[in-house]
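Enquirer: Kindly generate the corresponding structure for this input.
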Amino acid sequence: MKQQMKLSDNTHETSIDYKKELNPSQLDAVTSTEGPLLIIAGAGSGKTRTLTYRVAYLVEKGVSPQSILLLTFTRKASQEMLNRATQLLDSRCAGVSGGTFHSFANTVLRTYAKEIGFGHDFSIIDRSDTESLINMIRKDSGYASKNRSFPRKQTLANIFSRTVNKVLSIEDVVSHDYPHFSNNMEAIIEINKDYANQKRINNLLDYDDLLIYLHLLLKNHLDIREKLTSLYSYIMVDEYQDTNPVQAEIVYFLAGTKKNIMIVGDDSQSIYSFRGADFMNIMRFPKVFPSTRIIKLEENYRSVQPILDLTNKIIENAETKYSKKLFTNLHGGTMPIIIRTEDEYAQSGIIVKKIKRLNEKGIPLNEIAVLFRAGFHSFGLEIELTKNNISFIKMGGFKFMDSAHIKDVIAHLKAFASQVDRISWYRILMLLNKIGPAAARKIFASVSKKGWDAGLSDIKLKGEAAEGIMKLKGLFTKMELLSGSVSDMGETIIEYYIPILKKMYDDHPKRGKQLEHLVTIMERYTVLGEFFTDMALEPPNTVKDDSFSMNSSDNDRLVLSTVHSAKGLEWNTVFVIWTLDGRFPSVHALNKEKELEEELRLMYVAATRAKENLFFIYPGNVYDRSSNSFLCNPSCFLDVLPDNILERDYE
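Expert: Presented below is the predicted three-dimensional model:
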């Protein structure tokens, strides 16, 4: 093991003037390099800046870039930090190991795949492929045909994923979240076993497996753990409040004996328990690492003080928290307002009126956002915006890689690359006329045994089915003659697929454009396996209307977004709608302490997105079917705030 390196505390020997560039708390976080460090980074407090400067500081102090590991929740975040550090210092910063937990797990597992019983060329299946494989097992088992109320593929996938991310048994998850399926417990457990077995047989890992097997590798193979802990002398983890129990233990193992680990996060912005995130990870950190220093970043660079006065007061009411008080040197700003309207129609009307007024005052539409607790809350508003010719974009559309036509093309690539990829083969075969599940099963059995050439040739079919198989064989023959270029293969598949696309979709011209863009993405790759891995781990974001973009910037559109999708973003003006008790917080959370606490943090996240103007709006008389009652009170999170912090208005 390498001897622990001690870095000098002074900053005058560096080319960057850290004291000038950072506030005192940020400077402390950047230059405190030894031992465990917990940075509580309040909203808008320069978290990314702090991480960026710390990377530069470590490198400038002589730490090998390869011995620094930066773990984030998106590849974009780590790339942004390392690019900024490179511009700040020099190209050495580009050598820092940065990426998501999943991409880091993928890299490690490729090296040590044999230790977990997989081949190094394992394939990663995304959520859609996971559901497809579960559905095949579900149908083969016969449970679904015997019981109409048996859980669907999406529900089974949710159950299996939740057991992993929350480290619970299937019995616990079903009993707590799906009690109406308790009678199917044995069958659900059996399907989960079959699912795990099929993945191993076919050399497949899903997203959750990447973390599970990395965790097992670190836990059970001390020699491998020691190699990794000696390789990475300094570890930084972003958004630690969003880690699940497995990720937290991975971080613990990686910290090794040196424990030069800095985690950055904000307990007040922990809002992803539905994904398995455990809010208590960030609260427990000082106990897990007893010598932890805690540094709070409280100077806010985003919002005016009246908004911060309100958000500070909101989060004061959290039961479990690291106390902090955000402040700013930004001047001006008006007090946030809560507006009660007669009904939902009036709520939409007042928002439209205010947006027009703000726009006339020079605030562009893309600097205005309307946030809501759940996606359906904006439906009425969307109608009013359309009537008033106000362009808008709704955050959190369909994922590009989840679009059926995109998955069809990639399934052809995967089937060509592997004769035993059952999911992909079933998908492409059932696109052909007169071929259903039974025929697909028979054809796949032949292909998996003999390869695609002989396997397709030996199948005896008639009419349109035989014609379709001959065309598919012709496609693969063409692909075999190509030089191996991923984009060339993609273009060849699309040429074959376009007639299928035209038959299946009325909007085939729009989908055709998206397929063209898929080819431009493929042009970046020379190795097919790398393309599959990136598309599974870090797929492009979303398809919006007729355009596709890796980083969409809609400069002339109002933004509509759920609060979850808005985290990390900011706007000049924010409207938070349906701030009605029973809607935000939801009626289901009102009597559940943990859920109510997370809803409080969700309101805090919504409010801290605003720079200058913040409006809360709610309709005053709404019938709720689930509770058979009328909802008429403002959100309990806002109703308790004093009048000198939140102005009340009635429309």
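Enquirer: got any ranges where this structure has weak pLDDT?
Expert: Flagging of the chain using pLDDT under 70 yields the residue ranges 1-12, 396-399, 540-555, 625-626.
Enquirer: which strand is the longest one in it?
Expert: Using DSSP state E, we find that the single longest strand of the chain is strand 610-619.
Enquirer: Other residues contacting that one?
Expert: Residues from elsewhere that reach strand 610-619, judged by Cβ atoms under 8 Å, 6 or more residues apart in numbering: 302-304, 307, 310, 332-334, 336-344, 346-347, 350-351, 354, 358, 570-580, 583, 607, 634-635, 638, 646. Where C-beta positions appear, they are placed from N, C-alpha and C, glycine not excepted.
Enquirer: buried set for that strand?
Expert: The neighbour-count check on strand 610-619 (16 or more other Cβ atoms under 10 Å) flags A610, K611, E612, N613, L614, F615, F616, I617, Y618, P619 as buried.
Enquirer: Sheet-wise, list the partners of the next helix or strand after that strand with their directions.
Expert: Note on strand 610-619: by DSSP states H and E, the next helix or strand toward the C-terminus is strand 622-624. When pairing is defined by DSSP bridges, strand 622-624 lines up against strand 629-631 (antiparallel).
Enquirer: Which residues outside the strand it pairs with are in contact with it?
Expert: For strand 629-631, contacts defined as Cβ under 8 Å, 6+ apart pick out L580, D581, G582, R583, V587, N621, V622, Y623, D624.
Enquirer: could you flag which of the residues you listed are buried?
Expert: Going by neighbour count (16+ other Cβ under 10 Å), the contacts of strand 629-631 have L580, D581, G582, R583, V622 buried.
Enquirer: So of these, which two are at opposite extremes in space?
Expert: Of all pairs drawn from the buried ones among the contacts of strand 629-631, the one with the longest distance (Cβ to Cβ) is D581 and V622, at 10.2 Å.
Enquirer: farthest-separated two in the contacts of strand 629-631?
Expert: Among the contacts of strand 629-631, V587 and N621 lie farthest apart (Cβ to Cβ), at 15.4 Å.
Enquirer: Looking at the contacts of strand 610-619, which are in helices?
Expert: In this view, the contacts of strand 610-619 that belong to helices under DSSP state H are I307, L310, E344, A346, Q347, I350, I351, K354, L358, A607, L638.
Enquirer: so how far is I351 from the third one?
Expert: So that's E344. In this view, E344 and I351 are 11 Å apart by Cβ to Cβ, to the nearest Å.
Enquirer: of these two, who's got more company?
Expert: A direct count of neighbours by other Cβ atoms under 10 Å for E344 and I351 places I351 higher, at 23 against 20.
Enquirer: just checking, that one touches I577?
Expert: Yes. Using Cβ atoms under 8 Å, I351 is in contact with I577, at 7.0 Å.
Enquirer: what is in contact with these two at once?
Expert: Residues touching both I351 and I577 by Cβ under 8 Å, 6+ apart: V370, L381, I617.
Enquirer: Tell me the one among those residues nearest to A318.
Expert: I617 (23.7 Å).
Enquirer: which residues pair with that closest one across the strands?
Expert: Here I617, judged by DSSP bridges, has bridge partners I339, I577.
Enquirer: separation between it and T386?
Expert: For I617, the distance to T386 equals 19 Å [Cβ to Cβ].
Enquirer: what are the C-alpha coordinates of the helix or strand I423 falls within, in CSV please?
Expert: Assigned by DSSP H and E, I423 falls within helix 422-429. Extracted in CSV, the C-alpha atoms of helix 422-429 (Å, rounded to 0.1, in the frame of the first residue of the first chain):
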residue,chain,number,x,y,z
ARG,A,422,-33.1,-13.6,-26.6
ILE,A,423,-34.6,-10.2,-25.9
SER,A,424,-33.3,-8.7,-29.2
TRP,A,425,-34.0,-11.7,-31.4
TYR,A,426,-37.7,-11.9,-30.2
ARG,A,427,-38.1,-8.1,-30.8
ILE,A,428,-36.8,-8.1,-34.4
LEU,A,429,-38.6,-11.4,-35.3
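Enquirer: Would you mind pulling up the elements that it packs against?
Expert: The helices and strands touching helix 422-429, judged by 3 or more Cβ pairs under 8 Å, 6 or more residues apart in numbering; DSSP states H and E, are helix 127-141, helix 404-417, helix 437-450.
Enquirer: deepest of those helices, which one?
Expert: helix 404-417 (a mean of 21; mean count of other Cβ atoms under 10 Å).
Enquirer: How far off centre is it?
Expert: Offset of helix 404-417 from its chain centre (Cα atoms, centre = their mean, to the nearest Å): 23 Å.
Enquirer: quick one, it and helix 422-429 angle?
Expert: Between helix 404-417 and helix 422-429, the angle comes out at 120 degrees (axes from the mean of the first three to the mean of the last three Cα atoms, to 10 degrees).
Enquirer: Can we start the residue count at 582 from this point?
Expert: With 582 as the first residue, the last one maps to helix 985-998.
Enquirer: Report the inter-axis angle for helix 985-998 versus helix 1018-1031.
Expert: 30 degrees.
Enquirer: Now do the strands in the stretch 1132-1232 of the chain.
Expert: Along the stretch 1132-1232 of the chain, the stretches classed as strands by DSSP state E, counting those that start in this stretch are 1139-1143, 1152-1158, 1191-1200, 1203-1205, 1210-1212, 1228-1231.
Enquirer: ditto for the stretch 632-781 of the chain
Expert: Along the stretch 632-781 of the chain, counting by DSSP E, counting those that start in this stretch, strands occupy 649-653, 678-681, 704-706.
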